[in-house]
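# give me coordinates for this.
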Amino acid sequence: MSYIKQPFALVLMLLATQLAGASSADSVDSQPLACDELLETSLEQANRGDAAAQSRLGGIYLNGYCLDQDYAAALNWYEKAAQAGDGEAMLALGNIYARGYGVTPNLDMTLKWLRLAEDNGQITGRVYAFLYLDGVLVSQSIGRAYSFFLQAAEAGDPAAQYTVSMEYFRGQHLEKNPALALKWLTRSAENGYGPAYRVLGGIYAHGSYGIARDNAKAGKWLALAKQQNKATALDVARMYLEGQG
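Here you go, the predicted structure:
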């Protein structure tokens, strides 16, 4: 059940990079802040009442990024940020109550925070999708789940775009369609979703699913993946050694 938390961890990595004064999309050589510096900066800003920093700390504790995972601390910081009007914190609280991260799953609390998040411009479809996919607080419905995934993808949620793309590649719950899969995977990557970088890079490197091999595109996306996940360094090194990209 870690999938839905993964986007928060990736966002935190991007935020750390941005706090260091560099965008991950602009420079694959830029380095995020060290954990100590990230935590110190975030705590200082959060204690001054900065809602974005409070929300960021919520994500740090929720995902165990730079320190031990602590659901109670995550809930505390997210609630502070939400009370200050932070829409991302409201979305996170909806997700926490939907998935039961340190709390008993609660449909009323889930709907409360998701509605507030929507009022504050957040895309909530992916959380609703997982409700129906899991069937914990509502009756399970794969059809409704993917309807919400598609809705969120259309609205610009990069994690939902990634989920939809993988399903179009698999063809288990949506009709298999590599062209649509590539479209959504590319959108997800262009919107900064880390897992899409590596998958897209691998597809172009190997020419998978009938998609033409493109070493330049493969190199671009694998280089971005390398920044977010050092395990991909081997992929990039192999491409350079083989003269690709």
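# contacts for stretch 176-188?
Applying CB atoms under 8 Å, 6 or more residues apart in numbering, the contact partners of stretch 176-188 are 153, 158-159, 161-162, 164-171, 196, 199-200, 203, 209-211. All C-beta spots, glycine's among them, are computed from the backbone N, C-alpha and C.
# could you dump it to PDB, C-alpha only?
Output in PDB follows, covering the C-alpha atoms of stretch 176-188 (Å, rounded to 0.1, in the frame of the first residue of the first chain):
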ATOM      1  CA  LYS A 176      -4.700  -2.200 -24.100                       C
ATOM      2  CA  ASN A 177      -3.500   0.800 -26.100                       C
ATOM      3  CA  PRO A 178       0.300   1.500 -26.300                       C
ATOM      4  CA  ALA A 179      -0.300   4.900 -28.100                       C
ATOM      5  CA  LEU A 180      -2.500   6.200 -25.200                       C
ATOM      6  CA  ALA A 181      -0.100   4.600 -22.700                       C
ATOM      7  CA  LEU A 182       2.800   6.500 -24.200                       C
ATOM      8  CA  LYS A 183       0.800   9.700 -24.200                       C
ATOM      9  CA  TRP A 184      -0.100   9.500 -20.500                       C
ATOM     10  CA  LEU A 185       3.400   8.300 -19.500                       C
ATOM     11  CA  THR A 186       4.900  11.300 -21.400                       C
ATOM     12  CA  ARG A 187       2.600  13.700 -19.700                       C
ATOM     13  CA  SER A 188       3.400  12.200 -16.300                       C
END
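# which positions in that stretch come out as buried?
Neighbour counts over stretch 176-188 (16 or more other CB atoms under 10 Å) mark 177-178, 180-188 as buried.
# stretch 122-142 now?
122-134, 137.
# low pLDDT regions in this structure?
Low-confidence segments of the chain, defined by pLDDT under 70, span residues 1-33, 229-245.
# if you set the cut-off to 80 instead, what comes out?
1-34, 228-245 (pLDDT under 80).
# which residues in it form helices?
6-19, 35-47, 51-63, 71-83, 87-99, 107-119, 125-134, 142-155, 158-170, 178-190, 194-206, 215-228, 233-241 (DSSP state H).
# ok so, going back, between the buried residues of stretch 176-188, which is closest to residue 217?
Nearest to residue 217 among the buried residues of stretch 176-188 is residue 186, at 9.4 Å by CB to CB.
# circling back to that earlier point, as a markdown table, the buried residues of stretch 122-142 with distance to residue 105 would be great.
Formatted as a markdown table, these follow (distance: CB to CB, whole Å):
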| residue | distance to residue 105 |
| --- | --- |
| 122 | 20 |
| 123 | 21 |
| 124 | 16 |
| 125 | 19 |
| 126 | 17 |
| 127 | 12 |
| 128 | 14 |
| 129 | 16 |
| 130 | 11 |
| 131 | 9 |
| 132 | 14 |
| 133 | 14 |
| 134 | 9 |
| 137 | 6 |
